[in-house]
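**Student:** This is a predicted model, with the sequence first.
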Amino acid sequence: MSRTPQPASAGSVALRREAADRMDVLRGRHPHVFEAAPARRAAMFAMAAAPVLLMFVGLWWVGFSPERMLRGVGQLGTFVVLMVPPDFGTVAKLQIYLQALAETVAIAFLGTLVAALLAVPIGFVAAKNVVAQRVVHFLARRGLDTVRGVDTLIWALIWINVVGLGPFAGVLAIMSSDMGTFGKLFSEAIEAADRRPGEGVIASGGGRLHQIRFGILPQVLPVMLSQVLYYFESNTRSATIIGIVGAGGIGLHLAEQIRTLEWQHVSFLILIILATVALIDVLSTQLRTRIVGSRVAPV
């Protein structure tokens, strides 16, 4: 049985009229607020349109054209056809490739490990809640910014000229680049640590080093280990790139096969690099989960 709509009561009509009267009063008292709404909408539209405009300007500046894009896609399709099926050639070459892949993983591991070990004391020095001296804090932060501002590939070119070609230059390149990044991340984690455990250590008679060891380090150590594991997986790809410029690893063989137009070998090398990175990612994710713990909230 349907119900017919009831007419609005006199009380509700009076409330609506009162609300409209109040709105008119507010419009009269603060006209600039209500008149600024179209200006705000225009500003929001301009903010949304600015990135799109910058994108088109940037594409024009770098010489983008639909013709070049279509021609490049066609050339890429040709390369993909030439890469099928992946082939490693002889068994001797396969052994060389696997040895170079192990060298790449070793470069990434050693570079990440050394960078993390060096960044731990630097991170404590750069943290405000550990070293309150402004000059020391400023110098530590700016030094980390300087080291971090140089790309890994540039560090590889520098160390190749210093120590020569080979994996040792690759380890030093990754170490130099990641030391600045780890120092910044570690210092931020230390500054975000809860101060109450450290205050409890001081109240129970401990010194400054005891406060750092028992009050701060247990809180930030899982975060540090998680970040180191993530960068180890990322540095496996970086070690491949720096190998192209002579810093050892499988990148050197990849560049050589591209120069000699051995596309089937190139596709095989790309596939084993992808498989290695995926395996390291899975293992590091499991280790990070065990170290940090599951983030799923209990039901």
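**Tutor:** On my side now, so go ahead. Small disclaimer: the values here were computed from a predicted structure and weren't measured.

**Student:** CA only for contacts and neighbour counts going forward, please
**Tutor:** OK.

**Student:** helix, strand or coil for residue 18?
**Tutor:** Counting by DSSP: H, G, I helix; E, B strand; the rest coil, the backbone at residue 18 sits in helix.

**Student:** Can you tell me the number of residues neighbouring it?
**Tutor:** 12 (other CA atoms under 10 Å).

**Student:** That one and residue 28, how far apart?
**Tutor:** 15 Å (CA to CA, to the nearest Å).

**Student:** Kindly report the same for residue 55.
**Tutor:** 43 Å.

**Student:** Kindly report the same for residue 271.
**Tutor:** Counting by CA to CA, the gap from residue 271 to residue 28 is 70 Å.

**Student:** Could you name the helices and strands sitting against the biggest helix by length in the chain?
**Tutor:** Counting residues, the longest helix found in the chain (DSSP state H) is helix 91-126. If contacts are counted by 3 or more CA pairs under 8 Å, 6 or more residues apart in numbering; DSSP states H and E, helix 91-126 sits against helix 134-148, helix 167-191, helix 217-244, helix 250-259.

**Student:** Now do that helix and helix 217-244, the angle between them.
**Tutor:** With axes from the mean of the first three to the mean of the last three CA atoms, to 10 degrees applied, the angle from helix 91-126 to helix 217-244 works out at 140 degrees.

**Student:** Give the buried residues for helix 91-126.
**Tutor:** Neighbour counts over helix 91-126 (16 or more other CA atoms under 10 Å) mark 94, 97, 100-101, 103-116, 118-120, 122-126 as buried.

**Student:** Where does the prediction get shaky in the stretch 101-250 of the chain?
**Tutor:** Along the stretch 101-250 of the chain, no part satisfies pLDDT under 70.

**Student:** Contacts for stretch 220-235 next, please.
**Tutor:** Stretch 220-235 has contacts (CA atoms under 8 Å, 6 or more residues apart in numbering) with 108-109, 112-113, 116, 174, 182, 186, 189-190, 193, 277, 280-281, 284-285, 287-288, 291-292.

**Student:** Please convert the buried members of those residues into ChimeraX selection syntax.
**Tutor:** Restricted to buried positions by 16+ other CA under 10 Å, the ChimeraX selection for the contacts of stretch 220-235 reads:
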select :108,109,112,113,116,174,182,186,189,190,193,277,280,281,284,285,288
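
**Student:** Please export the C-alpha coordinates of stretch 244-257 as CSV.
**Tutor:** Taking C-alpha atoms only, stretch 244-257 is exported to CSV below (Å, rounded to 0.1, in the frame of the first residue of the first chain):
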residue,chain,number,x,y,z
ILE,A,244,78.1,-1.6,-19.2
VAL,A,245,80.7,1.1,-18.6
GLY,A,246,83.3,-1.4,-17.4
ALA,A,247,82.5,-2.0,-13.7
GLY,A,248,82.2,-5.8,-14.1
GLY,A,249,79.3,-8.1,-14.1
ILE,A,250,76.8,-9.2,-16.7
GLY,A,251,76.3,-5.7,-18.0
LEU,A,252,79.6,-5.9,-19.9
HIS,A,253,78.4,-9.0,-21.8
LEU,A,254,75.0,-7.5,-22.4
ALA,A,255,76.6,-4.4,-24.0
GLU,A,256,78.9,-6.6,-26.1
GLN,A,257,76.1,-8.7,-27.5
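
**Student:** Buried residues, it. List them.
**Tutor:** Neighbour counts over stretch 244-257 (16+ other CA under 10 Å) mark 244-255, 257 as buried.

**Student:** how far off helix 217-244 does the helix or strand hosting residue 285 point, in degrees?
**Tutor:** Using DSSP states H and E, residue 285 sits in helix 263-292. Calculated by the same axes, to 10 degrees, helix 263-292 forms an angle of 170 degrees with helix 217-244.

**Student:** correct me, but residue 88 touches residue 94?
**Tutor:** Yes - between residue 88 and residue 94 there is a contact under CA atoms under 8 Å: 5.9 Å.

**Student:** any common contacting residues for the two?
**Tutor:** With CA under 8 Å, 6+ apart as the test, residue 88 and residue 94 reach no residue in common.

**Student:** Please parse this protein into its domains.
**Tutor:** Listed by automatic domain parsing, the domain ranges of the chain are 10-61, 87-292.
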